[in-house]
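Undergrad: missing the sequence, but the structure's below:
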């Protein structure tokens, strides 16, 4: 499995947002909040964007006015699919075990 590192939560949220297309920082913040209920602070958002870009999971596009949009890279898509598969396996195992408890 390709690891997203210790900053999984903001990274996963950003990668998930970028699946639907390129976005700049403010658009990422609003989209992430709409689908997850999580509002990333600017420091968390831009720190995670820097780490994701350094790891080749996202790519910066040419600036639009003063906005810098990002897009998901092929490696980012592979990492996100791997994360999804891992999470699906975990939730399946958890469901099986909880059913065994009569929960």
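TA: That came through, no problem. What you see is a predicted model, and the numbers here were worked out from it, not measured in a lab. Numbering: from 1, shown residues only.

Undergrad: Helices along this protein, start to end?
TA: Ranges of helices in the chain, per DSSP state H, are 8-18, 25-36, 42-54, 74-100.

Undergrad: Give the other helices and strands that the first one contacts.
TA: In this structure, helix 8-18 packs against helix 25-36, helix 42-54, strand 58-60, strand 70-72, helix 74-100, with contacts taken as 3 or more CB pairs under 8 Å, 6 or more residues apart in numbering; DSSP states H and E. Backbone N, C-alpha and C define where each C-beta goes, glycine included.

Undergrad: buried residues in the second one?
TA: Meaning helix 42-54. Judged by neighbour count (16 or more other CB atoms under 10 Å), helix 42-54 contains these buried residues: 44-45, 48-49, 51-52.

Undergrad: What are the contacting residues of it?
TA: Residues outside helix 42-54 that contact it (CB atoms under 8 Å, 6 or more residues apart in numbering): 5, 7, 10-11, 14-15, 25, 28-29, 40, 58-60, 70, 76.

Undergrad: sorry, back to before: rebuild the helices of the chain as JSON lines, extending it with distance to residue 66 and mean pLDDT.
TA: As requested, the helices of the chain are exported to JSON lines (distance: least, CB to CB, whole Å; pLDDT from 0 to 100):
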{"stretch": "helix 8-18", "distance to residue 66": "20", "mean pLDDT": "91"}
{"stretch": "helix 25-36", "distance to residue 66": "11", "mean pLDDT": "95"}
{"stretch": "helix 42-54", "distance to residue 66": "14", "mean pLDDT": "96"}
{"stretch": "helix 74-100", "distance to residue 66": "24", "mean pLDDT": "92"}
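
Undergrad: Tell me which of those sits most buried.
TA: Among these, ranked by average contacts under mean count of other CB atoms under 10 Å, first place goes to helix 8-18 (a mean of 20).

Undergrad: And that one, how far out from the chain middle?
TA: Averaging C-alpha positions (CA atoms, centre = their mean, to the nearest Å) puts helix 8-18 1 Å from its chain's average.

Undergrad: same thing with stretch 22-29?
TA: Distance, centroid of stretch 22-29 to centroid of chain: 12 Å (CA atoms, centre = their mean).

Undergrad: Residue 85 and residue 9: what is the separation?
TA: Going from residue 85 to residue 9 by CB to CB, to the nearest Å gives 18 Å.
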